[in-house]
Structures are given as C-alpha cells and as structure tokens.
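Novice: Just need the structure, nothing else, for what follows:
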Amino acid sequence: MGLKAALQGYGDRFRIVGEARSGKELFALLEREPCDLLITDFAMPGDNPDEDGLAMLARVREGWPQLPILVLTMLSNPALVQGMLATGVRGVVDKMAMTRELMLAIDMLKAGRVYLSERTRRQIEGGDETSALSPREAEVVRFLAQGVTVSEIARRTGRSVKTISQQKRDAMRKLGLDGDKQLFDYARSNGLV
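Specialist: Purely as a prediction, here's the structure:
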C-alpha cells in the first residue's frame, strides 16, 4: 500500500496496472496485463517453489525477457543481490530507502541502466563475509532461518536434499559456524531473513 501511495503521488506519470500478494498472483497478473516495469518484493508468500526468491525472478525473466524488474527488499546480502542481478533484475532498492531512492531507480531502469540502492552498493563493494556465499548458499541460509526444513527447501528449489544439505554445510564452513542455532542467529543479524 505504501508503494502504491508513493507512485500515485507522482500524478499521471505512472499507471498501476495491478497488484499481487503472492507469486501465483504475480504470474497470473503478468499473463493478462502488459506492463512496462515490474516492481516486486524478493520474498513472496506461496507454496510453489518457483513463486519466491531467485526462482521467481528467473521465471519472470524467462516468461517476460524484456520486462525491467525492480526488487524492493530488506535483504542486503551481497550473494543474494548478485543472484538477483544474475537472473536479470535491473534494480534493487532497500525498503528503508524507498522514499528517497524509488524514483531514481525507476528513472535509471527506464534509461536502460542498472540501479542498486546506496546501502546495497556499499555492502557489495565492502565485500563482507556473506559475499563469500554463493547465491544458492545464501538462499538456503535464508530459507533455513525462516524455519524451512532441508527437505522442503529441496522441494521448493527443485534440488536434491543432498545438494541442499551440502550447500548448508558449505555456507556454515565459509561463515565459520558450528550449528543450526549459530546459523539462524547469523542469518537474523545479517539481513538474510
């Protein structure tokens, strides 16, 4: 609602063609309503594995290859941002800076350029420890921190339980963590949830 109000505050410059509360609603909306720009959250509710996170963004890119995608998120993890960009996302705006950076991001995307919010850019350039994680490892950590089981992550992502378990172990090794509680605490304190 805040995003809709912000865009409507610019008068006739924008026309909102639809809103979606889940990945399923997003895909249905894109099927029936053409648009010039998709502004979406990274985490979307839903049970289908391709309706959330990196899988959702890849599915949008596959179905609508020319559609500019702007992601609004609280996540600032460099590995996840790199994963978003790898799927073809052209803009990432930190929700905390939305009022300040949204119009700049939209203008940059309309001009064919990429936009990363100031905080996201600083974290990527700073190369913090989470940048050592691959996008898939960071996604696994994000799901685990949300309380999703390894088996469920495998189902959602279309990967094997063995692969998810290995990505979890690799992430923990890279981060120097010894157990699930440390992993959960780390994810909460580093913007992975």
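Novice: Would you mind splitting this structure into its domains for me?
Specialist: The chain breaks down into these domains under automatic domain parsing: 2-126, 132-189.
Novice: Would you format the ones you listed as CSV with mean pLDDT included?
Specialist: Listed next are those as CSV, based on pLDDT from 0 to 100:
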stretch, mean pLDDT
domain 2-126, 85
domain 132-189, 85
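Novice: Reformat those as a markdown table; add mean neighbour count.
Specialist: (Glycine included, C-beta is placed from N, CA and C.) Listed next are the domains of the chain as a markdown table, based on neighbours: other C-beta atoms under 10 Å:
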| stretch | mean neighbour count |
| --- | --- |
| domain 2-126 | 17 |
| domain 132-189 | 17 |
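Novice: give me phi/psi at R15?
Specialist: phi -130, psi 120 (degrees, to the nearest 10).
Novice: quick one: it and G91, what's the gap?
Specialist: 19 Å (C-beta to C-beta, to the nearest Å).
Novice: residues in contact with the spatially most central residue of the chain?
Specialist: Note on the chain: the residue nearest the mean C-alpha position is F42, at 3.1 Å, using C-alpha atoms, centre = their mean. Residues in contact with F42 (C-beta atoms under 8 Å, 6 or more residues apart in numbering) are 53, 57, 71-73, 75, 80, 84.
Novice: residue boundaries of the strands in this structure?
Specialist: 38-41, 69-73, 91-94, 115-116 (DSSP state E).
Novice: Compare those and report which one is nearest to S151.
Specialist: strand 38-41 (25.2 Å; C-beta to C-beta).
Novice: helices or strands next to that closest one in the packing?
Specialist: Judged by 3 or more C-beta pairs under 8 Å, 6 or more residues apart in numbering; DSSP states H and E, strand 38-41 is in contact with helix 53-63, strand 69-73.
Novice: Tell me the spatial nearest neighbour of V161, not counting adjacent residues.
Specialist: Spatial nearest neighbour of V161, excluding adjacent residues (C-beta to C-beta, 6 or more residues apart in numbering): A154 at 4.6 Å.
Novice: For V148, see how far away the one you found is.
Specialist: 10 Å.
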